[in-house]
Every structure is written in structure tokens, then in C-alpha cells.
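Student: what's the 3D shape of this:
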Amino acid sequence: MSSSQGDKKDSDVEMGEATSPAPVLTSPAEAPACVAGHLSFREELVRRQAEKELAQAGSEFPSSSAQVV
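Tutor: Below is the predicted model:
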């Protein structure tokens, strides 16, 4: 059953290639357009979520000018 040992070696090589770290992009100019678009979309989602949370927090608490004495 030497073929099974050969298969194992091939799969080890494939697994090693699959787990190698991806190259780190240092600037948006190095990223493909689709990746850059995805990143800007994610930034927009994060910004909108933060704005929504601020709006909810502002409506949950009374304004500082109407303090209870």
C-alpha cells in the first residue's frame, strides 16, 4: 500500500500550502479593487452602527439640561 503513503505526502503538501500565511497588504493601492471596495463597505457599516448606537444611547437617557434635583 505504498500509494496510500504517497497520497498522504501529497495531502501534507497541500495542507501546508493552505495554511501558509496570506501576504500582508501595506497600502490600499496594493489591494485589488474588489477587496478595497469590501473594506470601504465594512468601514461604512461600522460607522453607521456606531452612529446608530449613539442615537439609541441619546434617546435612552434624558438630556443633561433636564437634571433631576
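
Student: same question for the one helix or strand Gly58 maps to, mean pLDDT?
Tutor: For Gly58, the host element (DSSP states H and E) is helix 33-60. Across helix 33-60, the average pLDDT comes to 87.

Student: Just the pLDDT at Met15, thanks.
Tutor: 54.

Student: quick one: Ala57 from Arg47, how far?
Tutor: Shown here: Ala57 relative to Arg47, a distance of 16 Å by C-beta to C-beta, to the nearest Å. Where you see a C-beta, it was placed from the backbone N, CA and C, and this is true even at glycine.

Student: Please read the previous query as pertaining to Ala55.
Tutor: According to C-beta to C-beta, Ala55 stands 13 Å off from Arg47.

Student: cool, Pro32 as well?
Tutor: 23 Å.

Student: Please apply the same query to Val35.
Tutor: Distance from Val35 to Arg47, by C-beta to C-beta: 19 Å.

Student: same deal with Phe41?
Tutor: Distance from Phe41 to Arg47, by C-beta to C-beta: 11 Å.

Student: Quick check: pLDDT value at Asp10.
Tutor: 53.

Student: now do Ala29
Tutor: As predicted, Ala29 sits at a pLDDT of 60.

Student: Please renumber the chain so that the first residue is 50 from this point on.
Tutor: Okay, using 50 as the starting number, the last item reads as Ala78.

Student: With that, I have no additional questions.
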